[in-house]
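only geometry, no sequence info:
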């Protein structure tokens, strides 16, 4: 594969997440049908900093957690140290590390419960845990908090799909160990890797190949390892292809989030068109937009993300610096 094409798709999955997050943030928690979204980045009154709304192009917890994960992966040459990742996320929550404002202004309940238990890791004097994380394994805790930050994993590890999928699972279990959360990350990782390496010349052809029940990222043809019946069903029957907008939910439920993102990707022909299908749907639309962005960015590539959106992102320097390491890992032969 042409290195320039691969680099564009890797960058697309990283920057696409931030774009989807920032575009959706002004409409988070709003009711469907009660507002008309703009086609441009707008001021975000959903959150505030020092008493003022966030500037247009501000991103939220989705991107902050993605940046922490990207830096953590880069610092270990792609061999995820879950303790390091947990420390970085806890530092974001407590100190505003990797936040667009320098403070954490939005955090999911499941993520917060997990990070509370990890606060002791911030003290280097405390012994390092030897166990594997398995936080919030209950089905009732199947939020979208681990799926929304995922893209650095396939970006760095796409040449080794088995390792990428294991790492996607591990990064989820640090905060979201529900089988639905883990499998959503596994399936999205497989799809993103598939888009990176798809040879088809058009995006429509790439979607037909990758969003297909026969698709697997493994060269030996082994199936995508999905434990939950719900995710196996989503991959096998891809019900989103036959759904209308009235059937699409944008709640914080991870299965609904992944389905909504795939629905928008399937029913559109450009990065912008798919995101504009989602923006009017409200609720947790910033996270649905982020998940769409990481999938669609991998499919279309960085060059197909509107420049007016990329140019409007706040703290582009922070984004660029955090992404550089995983892009470098992803481009290694």
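Received, thanks. What you see is a predicted model; the values in this text were computed from it and never measured.

Just the helices from the stretch 151-300 of the chain, written as ranges.
152-157, 161-173, 179-197, 203-210, 229-237, 254-266, 271-278, 285-300 (DSSP state H, counting those that start in this stretch).

Quick check: buried residues in the fourth one?
Residues 203, 206, 207, 210 are the ones in helix 203-210 that count as buried (16 or more other Cβ atoms under 10 Å). Where you see a C-beta, it was placed from the backbone N, CA and C, and this is true even at glycine.

Equivalent analysis for the second one, please.
Within helix 161-173, the residues that qualify as buried by neighbour count (16+ other Cβ under 10 Å) are 161, 163, 164, 165, 166, 167, 168, 169, 170, 171, 172, 173.

Please enumerate the strands of the stretch 51-200 of the chain.
Ranges of strands in the stretch 51-200 of the chain, per DSSP state E, counting those that start in this stretch, are 52-54.

Is it correct that residue 197 is in contact with residue 10?
No: checked against Cβ atoms under 8 Å, the pair residue 197 and residue 10 is beyond contact range at 11.0 Å.

Overlap in contacts, those two.
residue 158 (Cβ atoms under 8 Å, 6 or more residues apart in numbering).

neighbour count winner among those two?
A count of neighbours by other Cβ atoms under 10 Å puts residue 10 above the other of residue 197 and residue 10, at 28 against 17.

Geometric centre of the chain: which residue is closest?
residue 148 (3.3 Å; Cα atoms, centre = their mean).

For burial, what's the neighbour tally of the residue lying closest to that one once chain neighbours are set aside?
Excluding the flanking residues, the one nearest residue 148 by Cβ to Cβ, 6 or more residues apart in numbering is residue 62, at 4.2 Å. Residue 62 has 32 neighbours, counted by other Cβ under 10 Å.

what's the pLDDT at residue 62?
At residue 62, the model reports a pLDDT of 99.

hang on, isn't residue 129 packed against residue 121?
Yes: contact between residue 129 and residue 121 holds when scored by Cβ under 8 Å: they sit 7.4 Å apart.

Which neighbours do these two have in common?
Shared contacts of residue 129 and residue 121 (Cβ under 8 Å, 6+ apart): residue 83.

Which of the helices or strands spans residue 47?
If you go by DSSP states H and E, residue 47 is part of strand 44-49.

what residues are up against residue 30?
With contact taken as Cβ under 8 Å, 6+ apart, residue 30 is in contact with 282, 283, 285.

let's see 6 Å
residue 282 (Cβ atoms under 6 Å, 6 or more residues apart in numbering).

So residue 68 is in contact with residue 90, correct?
No: contact criterion Cβ atoms under 6 Å: residue 68 and residue 90 do not qualify, at 9.4 Å.

out of these two, which sits in the busier spot?
residue 68 (24 against 21).

burial measure for the closest residue to that one other than its chain neighbours, as a count.
Once flanking residues are discounted, residue 68 sits nearest to residue 88: 3.9 Å by Cβ to Cβ, 6+ apart. By the criterion of other Cβ under 10 Å, residue 88 has 22 neighbours.

Kindly report the same for residue 310.
For residue 310, the count of nearby residues is 17 (other Cβ under 10 Å).

State which helix of the chain is the longest.
Longest helix in the chain by number of residues (criterion: DSSP state H): helix 3-24.

could you say what helices and strands that helix packs with?
helix 61-75, helix 152-157, helix 285-300, helix 316-331 (3 or more Cβ pairs under 6 Å, 6 or more residues apart in numbering; DSSP states H and E).

Present those as TSV; the columns should include distance to residue 278.
Formatted as TSV, the helices and strands packed on helix 3-24 follow (distance: least, Cβ to Cβ, whole Å):
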stretch	distance to residue 278
helix 61-75	14
helix 152-157	21
helix 285-300	6
helix 316-331	21
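
out of those, which comes closest to residue 265?
Closest of those to residue 265 is helix 285-300, at 5.3 Å (criterion: Cβ to Cβ).

can you list contacts of that closest one?
The contact list for helix 285-300 (Cβ under 6 Å, 6+ apart) reads 9, 12-13, 16-17, 19-21, 23-25, 27-28, 60, 62, 144, 147-148, 151, 192, 195-196, 203, 206, 250, 257, 260-261, 264-265, 271, 274, 278.
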